[in-house]
Structure formats: C-alpha cells, structure tokens
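1. structural data only, the sequence is not supplied:
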C-alpha cells in the first residue's frame, strides 16, 4: 500500500522559517538604524557641547562680564585656570542692572571643560545663580589666589546641557529597539495561533439507502 503526501499541506520548520524571515530582516534593519542614528546624533550633540564654552562671555581676572537672562534662568560662573584650586578660590559677585546684589551659591558637584586652544587649562564651575527678573546682569571676579592669567566666563549649566544632549538620542535608540522587538515577536505569536482556515473540513456522514425488508421478498 502506497500513500502520497500533499506538498501544500506541509507545515514543517522550513516553511515557517521562510515566512518569518522577512519580519526578522525588517526588525534587524530597524534596530541597526536606531543604533546608528542615535549614536551619530549623540556624537554631534557632544561635539557641539564641548565647543559651547568658547561662546561664553570671557574676561581676564580681575574683571566683569555682562550677560542678559530671562526671569528664573540659571547661570553658572566658570573660572578658567591652570589648577582647580586657583579656580575655586575666586571671589565672585553678581549684580543687576540697577546695582542690586544677587545671591550666588557655591556650585555643587564637579563640572569642568578643557579650554579650546590652551592645553592644560580647565574651566571650573564655581558659582551659580538664578535671575530674579529678566534683564542684564554683571558678574565680577574680584580676585583669584594662585597663578596669574585666570579668566572669568559665565554661561549655561553644562551638566544640564549634557543631559539634553544625550537623552533624546538614547530615547530614540531605545524606541527603535522596542519597535524591532515587536516586529520580530508579533509574527511568531500569530503563527502559533490556530486558524480556522487550516482546519480540515469535517466530513458529513453518508447515509445509505434503506434495504428492503425480508418480509416483502417472501410475500412476492
């Protein structure tokens, strides 16, 4: 006795793998694109952040710089010097355009940057303050104990700029990885669910014709 196998009824692993392959390729492409774009974006943001202190207003110490701030805006006072100790010894005052003193606070934590074009010199965050009203403010460095040649600079908080530079690219990369995972897993879940289209048709019972009774054959 021989039997034949219908190729169309085969549901082996080869056929299942072939049907899922396009989804896996798409998931890999989405994941790779998210990582590449996120990495490039983060690198570009970091390069821009590294060169941002060069745009801060600068002046040799002792000296003053004038900055304009919005109400509630935070500003950080940096001292560019050859040693960390010399930078932290700076005496800094801040005044409004009317000459009123503005409270400053010792900068908590360590934020520093390399001074462009001057190897060995660092910009150190020493004080911070919040603008009580919108307007112009004058920051003055009165004295710095240590080597001469220190420079006063005032600008944004670079630690907050670091978060702003890295958070969006990281979120983008994570979002693309999640999307890639969905693309890879969803078709597998659907392939394991039973489908009515693949169920074999139910055979209807065949009823035979009624056979004549023996009594009728005898009477004839």
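-> Cool, the structure landed. Just so it is clear, the model here is predicted, and its values are computed rather than measured.

2. for the rest of this, base every contact and every neighbour count on C-alpha atoms.
-> Fine.

3. starting at the chain centroid, how far to stretch 126-135?
-> 29 Å (CA atoms, centre = their mean, to the nearest Å).

4. show me what counts as buried in it.
-> 126-131 (16 or more other CA atoms under 10 Å).

5. all the helices of the chain, residue numbers only.
-> Secondary structure of the chain, counting by DSSP state H: helices at 13-50, 84-88, 158-192, 214-219.

6. out of the ones you listed, deepest packed?
-> helix 84-88 (a mean of 19; mean count of other CA atoms under 10 Å).

7. centroid-nearest residue for this structure?
-> Central residue of the chain (CA atoms, centre = their mean): residue 170, 1.9 Å from the mean position.

8. ok, and the closest non-adjacent residue to it?
-> residue 38 (6.3 Å; CA to CA, 6 or more residues apart in numbering).

9. next one: residue 24
-> Using CA to CA, 6+ apart, the nearest residue to residue 24 is residue 184, at 5.3 Å.

10. quick check: the one you found touching residue 29?
-> No - using CA atoms under 8 Å, residue 184 makes no contact with residue 29, being 11.1 Å away.

11. so residue 120 touches residue 113, yeah?
-> No - checked against CA under 8 Å, the pair residue 120 and residue 113 is beyond contact range at 10.6 Å.

12. compare the two (neighbour count), which wins?
-> residue 113 (18 against 10; other CA atoms under 10 Å).

13. I figured residue 177 hits residue 33, correct?
-> No - applying CA under 8 Å as the test, residue 177 and residue 33 come out as separate, 9.3 Å apart.

14. tell me the contacts of residue 121?
-> Contact analysis of residue 121 by CA atoms under 8 Å, 6 or more residues apart in numbering lists 80-83, 114-115.
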